[in-house]
Every structure is written in C-alpha cells, then in structure tokens.
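Engineer: Only the shape, not the letters, is given here:
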C-alpha cells in the first residue's frame, strides 16, 4: 500500500448557492522515498491540495491515507514548508528552528536538542545568521530557515508548497540544488507543488500535471527517467528532458483547452454614424437622396469556460 | 544666512508658540477676565509649590511633585487593574465570536460613559464593605473601568489579526493550547496590545483628575479643586500645566516602549 494516498478527494469553497469546486476527484499515490512534483497553473488549487495533504484542511469527500492512518489531522510527521515562509518574526533563526525541535523531540536532553537545532541551521548554510530575526534576512534566507525548521522535525514526508515561488531566478537555482542535495542525502519522501515544469523535472522522480481550476484534477503521472543528481546546465540539452517537458506542458495546455469552448454569432452593428451635414446642400439642390450608411455586419466569438 | 536660522527651528518655533499664549493670557487677565491672575502673579504665588516640590505643610498643601506622585500612585493601581482585566477580556473577544456577540453591545454602551458618572456608582457599590478606604476604592474602580476599553478593543483586534499562517505553524508542530497561546498568539498580538496600553494610560491619567476632584483626595486634581473652592486662582494654571506635562511624559514613555515591540 502506498505511503501517502489520496482517494477521490474533492474540495470546494463558498456557500451552497455560489460554490466553487476547487478540486475534484483527486487520486494520488506516493511511495516511500519518492520525490513527486505536481505542476499546475496558479490559482488551480495547488495550495488547497497541499493543505489537504498536510491535514490542515479536511477534504469534503474522499480519503487521505497516510502511513496507515485514515485522514489524520496535521502533525510534525508531515513537514509542510509554507509558500510564504511563515516564520515567527519575534524569534531568531535559531529560535524558529528550536521551537520545532523542542516540540518534536521532548525526550532529548537540552544539549542534544541544541546540537540537533544547530545541525539543521548549518544544513541550510545559515550558521552565520543564526541569531538574526526574519526581517533582517533576504527572501531566500527566510525560505531556507523555513526548510530547516521543517527538516529538523525529521518528517516522514516533506511537503513543499511552491517554496521558491517568490524568489529570483538565481536564488531559486541555488535553493533547488540545496533541496536536491538534502533530499538525496536523507532519502526523504517529498511532494513538491510548483508552477514551473523545469523545476519539477529537475528535482522529481515523477511529475503529475494538475489541470486548471475550477474542478482541477490530476493528470497521468509522467516518470522522469533522468539519472540523479541532475545538472541543470546539461539537463536542458538532454533529449529526454525536452521530451518530458513537452509531455507535461502539452498535457496542461490540452487539458485547459478542453475546458473551454467558443460560441460564435453574427452581430448587426446599429447604424450610428453621424449624418454628414457638410452635404446638406445636396438635399436642397440635388437628388434628395441621403448618403448611404449601411449597417455593419460582424461576427463575435466568445470563449466560455465550462 | 537664512538656512542657519532654520537649524534652530525645532526650538525657536515652539518658544514662539509659548510666547504667543503667554501674551494672550496676560492680555486676557488685564482686559475681559479680571479674576484670571496674570502670568507674573501666577508664578509668584506658585513659587513655594514649585521651588519646594517635596514639601508637606498639610494634607492639601504639599509640593507639586509630591502631589503628582500621589496621583501617579493611584493611577498606577487603577491602570494595573485595567490591564489585568482588560487583556484577557480582549483575548476572549478576539478568539470567540460567540463571546463577542454576547458582550460587544454592552462594551459599546459602557465605553463612552464619563468617569464623572462612574464615580458615584463606585461609592455606592463599595459602601457596605468594611475596612476599606471607600474614596480610594471608588477612584480605582472608576480609573480601571474607564481606561480598560482601549486595551480590550485593541487586544481583540490584534488577536483577530494574527495571520493564519502562524496558527498553521502551531498546528503543524502540534503545539499544545497553552504553548500556542504563549509562544505564538501573545507575541503576535503584543504590538496591538501595547497600542491599547498606551491609549489606556492616557485615559487613566485623564480620569484621575476627575476622580480626585469628586472625592477630595490629595493629588494634583484634588489640589486644583480645593484651590478653586478657596478662591485661590493662581495655582489652577500651575496644576493644569503639571497635569499636561505629566500626561505628555507618560505618553512619550509608552510610545518608546510600544516602538520596541513594533519591530518584533
């Protein structure tokens, strides 16, 4: 049986009269030690899906199975790295990590806990910034603290909710390498949600597209058969990479177009051209015929989302 | 040349304002307001209170700093009661919509009531309790009740404004209720709480004068009222300046403390 499993999960928001179905019929199976990336449009319900995986939200229908438990609440065994870091601003880098360590390992001695905390601060290369507060750090550093806090709980599965979305391209690349390194070293089970197909293919063993919402659902999983660790510089030239990328993007675009349809109809634009008063003399002397202003015929095409 | 003068604007301009008010006061006392002592006479009559600020010649005849300290002592007690009661009430209002629905209308009605109205109620309320100083208790009751509301309301707003992300962190870490409160909710609310504390202190200081006037307790307010009744008008302005100055200093102190918590 899969380690983390979603069975027919659906989720919607809003009152019954104006409900939006965000997710519909989501089935997902993740094995232990696997790195799965879910790629989707922004606004397609990625964060909702992640909250369900983390147990922060309960699905309206369907089941979440985690390590044999049925739909458990949130807990440190599913370490969630929040999209917007969610560090506590009144605590230093060390204290933010220590809060998690103290909570998850109450049985360890003080010295052991301190050592454990320091190890994870060092793992994300933040030892020099150990006693700084989040507002003194750059975005990339904050996200690293957030990753360190989550990893220090030694979760059974690491849930990354667009962790690098708010970062610039260079910082992003560095952190991607760091995530890849840590993951390979710790043999961690990871679920990554992202809007960047390249990031997904670079890191994951399996990429699953999430169609655009409303009623977003998961597409077929696409295995990434590239050897680990992957080098971003040579990856882009690899035939396999291009093939997989093509497949992921192709599926997302196709799934989106299937959601839309076009309606066409002809329109008769009303005759609203002002009368040409410089020619008033024509009426007086001439044939008495007004200038012809024919109604214009046009077709209108509207795209409708279903 | 002109720029040189601009450097002293921060001191020159306020002095200019002061001189203007002194002039207005002087002219008023010599024209249409005959009973008002002019600045020179006020200073002359206030001298013993200012130059010997710690002197004590009688219960209602003490140095001005001594009076201020007496008033501050009473304010401190009332203010402490207000914070001790107000902060938890604010937390309850922020946390529970049901609690808000039950008590918010009452709070909105009690909030604008003047200290002058609360004091007699305090006197009646505690009249039958033996072994207490009734005027002091009534004054504390009034100060606490009037100055509580900014703390209550600001704390409630602060609790409602705690980002969901912080609470989600607490949920993912499975923090206990107590730890969530002490490690996440209280620190997240502190900036709001301190804004409430500062406003509350301002009101507590406003109320003290009224409370002392009505109860005749020794203090700046009591002194002011006594001198007025004794037809000695010189010290009224001294008292007003003392009250204003003390209030200003208290507010500055609180905003310094408030700013320290803002960055957190």
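Structural biologist: Sure thing, it's come through. Keep in mind that what you see is a predicted model, and the values were worked out from it rather than measured. Residues are numbered from 1 along each chain as shown, chains lettered A, B, ... in the order given.
Engineer: tell me what the helix ranked longest in chain B is packed against?
Structural biologist: In chain B, with assignment by DSSP state H, the single longest helix is helix B:64-95. Applying 3 or more Cβ pairs under 8 Å, 6 or more residues apart in numbering or on different chains; DSSP states H and E, one finds that helix B:64-95 makes contact with helix B:39-51, helix B:97-110, helix B:134-160, helix B:186-215, helix B:220-229, helix B:234-262. C-betas here are computed from N, CA, C, even on glycine.
Engineer: Let's have those helices in JSON lines, adding mean pLDDT.
Structural biologist: Formatted as JSON lines, the helices and strands packed on helix B:64-95 follow (pLDDT from 0 to 100):
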{"stretch": "helix B:39-51", "mean pLDDT": "80"}
{"stretch": "helix B:97-110", "mean pLDDT": "92"}
{"stretch": "helix B:134-160", "mean pLDDT": "91"}
{"stretch": "helix B:186-215", "mean pLDDT": "89"}
{"stretch": "helix B:220-229", "mean pLDDT": "85"}
{"stretch": "helix B:234-262", "mean pLDDT": "87"}
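Engineer: right, and those helices - which one's nearest residue A:220?
Structural biologist: In terms of Cβ to Cβ, the element of these nearest to residue A:220 is helix B:186-215, at 43.2 Å.
Engineer: The closest one - contacts with which helices or strands?
Structural biologist: Helix B:186-215 makes packing contacts with helix B:64-95, helix B:115-125, helix B:134-160, helix B:220-229, helix B:234-262 when contacts are defined by 3+ Cβ pairs under 8 Å, 6+ apart.
Engineer: how far does that helix sit from the chain's center?
Structural biologist: 5 Å (Cα atoms, centre = their mean, to the nearest Å).
Engineer: okay, the angle between it and helix B:64-95?
Structural biologist: 130 degrees (axes from the mean of the first three to the mean of the last three Cα atoms, to 10 degrees).
Engineer: Next, the buried residues of helix B:186-215.
Structural biologist: For helix B:186-215, the buried set under the neighbour-count rule, 16 or more other Cβ atoms under 10 Å in any protein chain shown, comprises B:186-215.
Engineer: any idea which helix or strand carries residue A:159?
Structural biologist: Using DSSP states H and E, the element containing residue A:159 is strand A:157-161.
Engineer: Is any residue of that strand near chain B?
Structural biologist: No. Judged by Cβ under 8 Å from any Cβ of the partner chain, strand A:157-161 makes no contact with chain B; its nearest approach is 9.4 Å.
Engineer: continuing past that strand, what's the next helix or strand?
Structural biologist: Using DSSP H and E, the helix or strand that directly follows strand A:157-161 along the chain is helix A:169-186.
Engineer: in that next one, what's buried?
Structural biologist: Quick answer for helix A:169-186 (16+ other Cβ under 10 Å): A:171, A:172, A:175, A:176, A:177, A:178, A:179, A:180, A:182, A:183.
Engineer: I'd like the residues you listed as JSON lines, with distance to residue B:36 and pLDDT appended.
Structural biologist: Shown next, in JSON lines, are the buried residues of helix A:169-186 (distance: Cβ to Cβ, whole Å; pLDDT from 0 to 100):
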{"residue": "A:171", "distance to residue B:36": "70", "pLDDT": "78"}
{"residue": "A:172", "distance to residue B:36": "73", "pLDDT": "82"}
{"residue": "A:175", "distance to residue B:36": "73", "pLDDT": "82"}
{"residue": "A:176", "distance to residue B:36": "78", "pLDDT": "86"}
{"residue": "A:177", "distance to residue B:36": "80", "pLDDT": "86"}
{"residue": "A:178", "distance to residue B:36": "76", "pLDDT": "82"}
{"residue": "A:179", "distance to residue B:36": "77", "pLDDT": "84"}
{"residue": "A:180", "distance to residue B:36": "82", "pLDDT": "86"}
{"residue": "A:182", "distance to residue B:36": "79", "pLDDT": "82"}
{"residue": "A:183", "distance to residue B:36": "82", "pLDDT": "85"}
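Engineer: Could you dump those residues into CSV and include distance to residue B:50?
Structural biologist: Formatted as CSV, those follow (distance: Cβ to Cβ, whole Å):
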residue, distance to residue B:50
A:171, 63
A:172, 68
A:175, 66
A:176, 71
A:177, 72
A:178, 68
A:179, 70
A:180, 75
A:182, 70
A:183, 74
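Engineer: Of the residues you listed, which pair is most distant in space?
Structural biologist: Top of the distance list for the buried residues of helix A:169-186 (Cβ to Cβ): A:171 and A:183, 18.3 Å.
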